[in-house]
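Q: Following is a predicted model, sequence given first.
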Amino acid sequence: MLLTIQDPNFKMEADRAIFEFCPSVTELDYVEHGADNIIALVNKEFVFRFPRNEDAAKRLAYETAILQKVGASLDIVNVPKLLKVHNRPLYTVASYIEGEHLSGKQIQSLTEIEQTAIGSAVAQFVDKLNRSISSLEVQRLRMQAGVDRLTDPWPAYFQRLFVQTRLPNEQLRPVVEHYYQLWQANLQQEQNTLTIHDDLNPNNLLFLGPKLNGVVDFSDVNVGSIESEFRKLYVMGDIVLRSAIETYASLTQIQANYEHIKTWAIMQELARFTDRLARQQTETFLFHFARENLRNWVPNFPL
């Protein structure tokens, strides 16, 4: 049973759930632009998540299971602390984490000391996450929640976009072929058995001033390599990324490969760019973001 935004009684039922949990509501804001959940922020103290549809409900159930397993172990930064899980209808209540999002460019504008601290904090968080739950348990929980069937794994996703589907512009072919082959070769050398957050982009990081205060959205936790985990740090700049690599190596004796991380970052943006170009979604923010990154990262990017 789901309570979704399409339900004409959604706000009334959601409000009822909120006031039952917190009778003294002085501030209530609904955030409805997320892909998976309608979020209600209550008194800057509680965060309610209502899934939009059945697939979103599976992801929320999976995220709930992950947080119940690892939440107490992740003490480097704040992560959502579950206060209530309601099953019929499905919604969750978590603690509010104070902070704001910084873009990659904003992070790069911080001092070198501040950027270094961010990279170090991310690496410590990643190490704690990997140690807090085994890859076998992650795979079991993903299968149990049914989230494995919602998205293709990276090899299948890249193969579908770059091999099985005609490219939307032939000028992309040399770039796609070069980086796809490079990524395949790199993958054979990476340790792909780590528990990873898999979405450490700036939108999932919360900052108090220049300090990393929280990490959110555990619905993509998966099994992969440290190079794939660090791919989204590439957009935050060399200082953050190299600090994360250095700190992670000191904690684990695993040396992440900088060039592999760069290839992961380029592959993800190539996929984002190619997919939206094929769908003619060229006015979207993500298309322009991907194109800007590719023009900065790939010599003589053709488009």
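A: Cool, got the structure.
Q: Distance check, the residue positioned nearest the centre of the chain against residue 224.
A: Geometric centre of the chain, nearest residue: residue 199, 2.1 Å, by Cα atoms, centre = their mean. Residue 199 sits 11 Å away from residue 224 when distances are taken as Cβ to Cβ, to the nearest Å. Glycine gets a C-beta too; all of them are placed from N, C-alpha and C.
Q: and the residue nearest to residue 152 when sequence neighbours are not counted, how far is that from residue 263?
A: Residue nearest to residue 152 in three dimensions, not counting chain neighbours: residue 160, with 6.6 Å by Cβ to Cβ, 6 or more residues apart in numbering. Residue 160 sits at a distance of 19 Å from residue 263 (criterion: Cβ to Cβ).
Q: what about those two, which has more around it?
A: residue 263 (24 against 13; other Cβ atoms under 10 Å).
Q: what are the phi and psi values for the more buried one?
A: phi -60, psi -40 (degrees, to the nearest 10).
Q: wait, doesn't it sit right on residue 184?
A: No. The pair residue 263 and residue 184 fails to qualify as a contact (Cβ atoms under 8 Å) at a distance of 9.9 Å.
Q: quick revisit: wasn't the residue nearest to the centre of the chain part of a helix?
A: No. Assigned with DSSP: H, G, I helix; E, B strand; the rest coil, residue 199 falls outside any helix and is coil.
Q: Look at the residue nearest to it when sequence neighbours are not counted and say how many residues are nearby.
A: Nearest non-adjacent residue to residue 199, counting by Cβ to Cβ, 6+ apart: residue 220, 4.4 Å away. By the criterion of other Cβ under 10 Å, residue 220 has 17 neighbours.
Q: Ok, residue 264 next?
A: When neighbours are counted by other Cβ under 10 Å, residue 264 comes out with 26.
Q: And it, which helix or strand is it part of?
A: Using DSSP states H and E, the element containing residue 264 is helix 258-278.
Q: Tell me the buried residues in that helix?
A: 260-277 (16 or more other Cβ atoms under 10 Å).
Q: Stretch 290-297 too?
A: 290, 291, 293, 294, 297.
Q: Next one, pLDDT for the third one please.
A: As predicted, residue 293 sits at a pLDDT of 97.
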